[in-house]
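Engineer: The sequence and its predicted three-dimensional model are supplied below.
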Amino acid sequence: MPISLFPALRPAALAITAGLAFSGLAMAQAPTSQLDTIQSRGALQICTTGDYKPFTLAKDGGYEGIDIELAKSLAKAIGVEAKFVATKWSDLLADFTAGKCDIAMGGISVTLDRQKRAFFSTPYLINGKAPIVRCADKAKYQSVADIDKPDVRVIVNPGGTNERFVRANFKQAKIEVFPDNVTIFDQILAGKADIIIAESIETKVQEKAKPGLCAVNPDEPLQYGEMGYLLPRGDVTFKAFVDQWLHLAKATGEFAGIYNQFVR
């Protein structure tokens, strides 16, 4: 009596059918990415402080800077327009996690504290904290130990990683918090403070912009650091898109062209 092969095939067929059904269910239940929301809205909303040259600077009712131009590039890659949302360093993470914007850009340092509440893009710059001082005092302030003395006045903008670095490393120096990150460098020239700690790239830009100020060892900063863009936590689809756009911007020279507009 012939033996039928069909019964032996039934379990495999059932497994395939079940697998396809499960895959379809998983796809149907896949969470919507912020990328979908952005495309439906027709606009990429970008939180930025507007006070951190050369990355973001409020000017003439708009913004300019490295990350402003890169934000426009990202929006174009998505196929939408760029809309900027004003924030400040002390409110940056709260505004972002509250959903006031899709992405935060503008010289944002990658930190583990921020990483707890948001994703970061692939870092786009290696940076670090460096002092900027009056040129006559440059030789005096070569290290943390040189700065951390009772007669040294350190001035810092509030709410960001600059303030955190200052408070973590300077226990004897006099620390003053100054609310305006645009005019803060003028306080050094006016003799009202001795040192500002900022990102090394920013100290280079301010050195060129304000005669009399000198960056101290900006190519050998006091602390290693990276910069990236804040993205919604858990949204791997949006992060993958931003990372790929950033990779292509660097590979094609677009990133370097924008960077050189504001730094060199």
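Structural biologist: Looks like it arrived, so ask away. Given the structure is predicted, the values throughout are model-derived calculations rather than measurements.

Engineer: L248 and L230, how far apart?
Structural biologist: Counting by C-beta to C-beta, to the nearest Å, the gap from L248 to L230 is 20 Å. From N, CA and C alone the C-beta is placed, and that goes for glycine too.

Engineer: residues contacting L44?
Structural biologist: I38, A71, L74, A75, I78, V80, E81, A82, K83, D102, I103 (C-beta atoms under 8 Å, 6 or more residues apart in numbering).

Engineer: Which residue of L248 and L230 possesses the greater neighbour count?
Structural biologist: When L248 and L230 are compared for neighbours, L230 comes out ahead with 25 against 13, by other C-beta atoms under 10 Å.

Engineer: What is the burial count for the nearest residue to that one once chain neighbours are set aside?
Structural biologist: Nearest residue to L230 in three dimensions, chain neighbours excluded: A104, at 3.8 Å (C-beta to C-beta, 6 or more residues apart in numbering). Using other C-beta under 10 Å, A104 is surrounded by 28 other residues.

Engineer: and whatever helix or strand I188 lives in, what does it pack onto?
Structural biologist: In the assignment (DSSP states H and E), I188 maps to helix 184-189. Where contact means 3 or more C-beta pairs under 8 Å, 6 or more residues apart in numbering; DSSP states H and E, helix 184-189 is packed against strand 125-134, strand 153-156, strand 195-199, strand 213-215.

Engineer: One more pass at 7 Å, please.
Structural biologist: For helix 184-189, the packing partners by 3 or more C-beta pairs under 7 Å, 6 or more residues apart in numbering; DSSP states H and E come out as strand 195-199, strand 213-215.

Engineer: Could I get the average pLDDT for the longest one?
Structural biologist: Right, strand 195-199. Strand 195-199 shows a mean pLDDT of 94.
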